[in-house]
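# Build me a model from this:
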Amino acid sequence: MGATVHAAFFSRTGDPSVIEWGELPDPSPGPGQVRVRPQAVAVDAVDTLVRSGRWTTPLAFPVAVGRDLVGVVDAVGPGASGLHEGDRVWTSSAGYAGRPGATAQFVVVDRDRLYDVPDAADPVAFVASLHPATTAVAALHLRAGVQPGETLVVVGANGAVGAALVQEGVASGADVVAVVRDVRAAATLGEWGAEVVIADAGSAAEAVAERRPDGIHVFIDTTGRADTASAVAHLVPRGRVIVLAGRTSAEIDLWSLQVRELRVEGFILSALDASELREVAGRVNARWTEGRPLTAHVGEVLGFADAADAHRRMEAGDLPRTDDGFVGRLVLVPDATSWGAPRTTR
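Next up, the predicted model:
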């Protein structure tokens, strides 16, 4: 066996016990590829769907877990222009569709899926923000087409994705209404520029309608528990419901959908192609340049070797929460002890 690298990987789909901490062949970048040394990898809910097989995607076993990484360029393959050894880069599309995963000492990534890390960004805090930020930007701009002044309703606004949707909605000039059950999150959401409604997800649309009787332009539920039929009923003509947590079913009046030109559209970040992901990455990085980055709270930093435990906790909903009621993110680093205390970008 040739040179190897340590990695958290799986050779078949299943529960978190299929994740091994061991050795994989040391990867070399081919044409159009770059070898990256990861500094931090986020743990996303979708990672557990890939590993469990609940979401079907081509996998080249054995494959390391994880899709979002921040790292440093180690080697550049033929034709991979514009990057040099030592450059800081990020990607949000490793570990699915046949591509190598992120949680390894070295990872090969296609050049067209790598983006510059903003100068001021801390690797741990930045990687924690990537999945929420890219989801928010893509859902609001590539799918919903949110416009300044439109009413945007975000249900579950104290979750990682919900918080990013609120921040991006406000930055885009939307009239953002943030729906949460935890009253502790209200002050922070208000400081960001949202109007806060305290309500259960199931009654969110009705609760918002009392505040916005003229109707809702864009409705996004991050919890999978909102009443989508009720949301559709409260849309303005040409209003949109973006489904990104489709855990329930809904009975919708198709005649109303037609004559009022309403849209109910599914969205999954993994369906974006490389050009769409680059557009999204550009918007995410631009927020940093503008001094208003889309942020997330780092709940806990673990080692690469702790990936199986991190997946167990993600599936069990055993995630840290801030004192103001926001969900914390789990981040993996090569050596957890080198990173000190958990941090936040807020």
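# C-alpha from now on. contacts and neighbour counts both.
Noted.
# wait, what's in contact with the residue nearest the centre of the chain?
Central residue of the chain (Cα atoms, centre = their mean): H131, 1.9 Å from the mean position. By Cα atoms under 8 Å, 6 or more residues apart in numbering, H131 lies in contact with D44, D68, S92, V161.
# got those as a markdown table, with neighbour count columns?
A markdown table is the format used below for these (neighbours: other Cα atoms under 10 Å):
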| residue | neighbour count |
| --- | --- |
| D44 | 21 |
| D68 | 27 |
| S92 | 24 |
| V161 | 26 |
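# Can you tell me which of those residues is nearest G22?
D68 (20.3 Å; Cα to Cα).
# Quick check: the gap between the closest one and L330.
12 Å (Cα to Cα, to the nearest Å).
# Would you mind grabbing the residues shared as contacts by these two?
Contact criterion Cα under 8 Å, 6+ apart; residues shared by D68 and L330: A42, V43.
# Following the record's annotation, map out the domains of the protein.
Listed by automatic domain parsing, the domain ranges of the chain are 4-117+297-339, 132-270.
# Now, the contacts of H131 that are in helices?
Judged by DSSP state H, the contacts of H131 include V161 as members of helices.
# from the contacts of H131, which is closest to R313?
Once Cα to Cα is applied, the member of the contacts of H131 that ends up nearest R313 is D44, at 11.1 Å.
# Do a quick rundown of the strands in the stretch 51-200 of the chain.
63-64, 69-76, 88-91, 107-110, 115-116, 151-155, 175-180, 195-198 (DSSP state E, counting those that start in this stretch).
# closest to V280 out of these?
strand 115-116 (10.5 Å).
# related to what we said a few turns ago, deepest in the core, which of the strands of the stretch 51-200 of the chain is it.
The highest mean neighbour count among the strands of the stretch 51-200 of the chain, using mean count of other Cα atoms under 10 Å, belongs to strand 151-155: a mean of 29.
# and it, which strands flank it?
Strand 151-155 has its sheet partners listed here by DSSP bridges as strand 175-180 (parallel), strand 216-221 (parallel).
# Tabulate the strands of the stretch 51-200 of the chain in a markdown table, adding columns for distance to L165 and mean pLDDT.
Formatted as a markdown table, the strands of the stretch 51-200 of the chain follow (distance: least, Cα to Cα, whole Å; pLDDT from 0 to 100):
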| stretch | distance to L165 | mean pLDDT |
| --- | --- | --- |
| strand 63-64 | 29 | 98 |
| strand 69-76 | 21 | 98 |
| strand 88-91 | 20 | 98 |
| strand 107-110 | 28 | 98 |
| strand 115-116 | 21 | 98 |
| strand 151-155 | 7 | 98 |
| strand 175-180 | 9 | 98 |
| strand 195-198 | 13 | 97 |
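# V301: which of the ones you listed is closest?
Evaluated with Cα to Cα, the strands of the stretch 51-200 of the chain place strand 69-76 nearest to V301, the distance being 13.8 Å.
# my guess is R67 meets A97, correct?
No - assessed by Cα atoms under 8 Å, R67 is found out of contact with A97, at 10.8 Å.
# the more surrounded of those two?
Legend: neighbour count by other Cα atoms under 10 Å for R67 and A97, higher for R67 (23 against 15).
# Not counting its neighbours along the chain, what's nearest G101?
Leaving aside its chain neighbours, G101 sits nearest to G95 (3.5 Å; criterion: Cα to Cα, 6 or more residues apart in numbering).
# who's in contact with the one you found?
If you count contacts by Cα under 8 Å, 6+ apart, G95 has them with L59, V63, A64, V65, G66, R67, G101, A102.
# how far away is the fifth one from L332?
With distances taken as Cα to Cα, G66 is found 10 Å from L332.
# who's more crowded, those two?
Relative neighbour count places G66 above the other of G66 and L332, with 30 against 27, counting by other Cα under 10 Å.
# Need the pLDDT of that one.
At G66, the model reports a pLDDT of 98.
# do T345 as well
Looking at T345, its pLDDT reads 38.
# and if you look at T248?
Confidence at T248, expressed as pLDDT, is 78.
# Identify the contacts common to G66 and L332.
Both G66 and L332 are contacted by V41, A42, V43, T103, under the criterion Cα under 8 Å, 6+ apart.
# Could you provide those residues in CSV, with additional columns for neighbour count, pLDDT and distance to V146?
Shown next, in CSV, are the shared contacts of G66 and L332 (neighbours: other Cα atoms under 10 Å; pLDDT from 0 to 100; distance: Cα to Cα, whole Å):
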residue, neighbour count, pLDDT, distance to V146
V41, 36, 98, 30
A42, 29, 98, 28
V43, 25, 98, 28
T103, 35, 98, 35
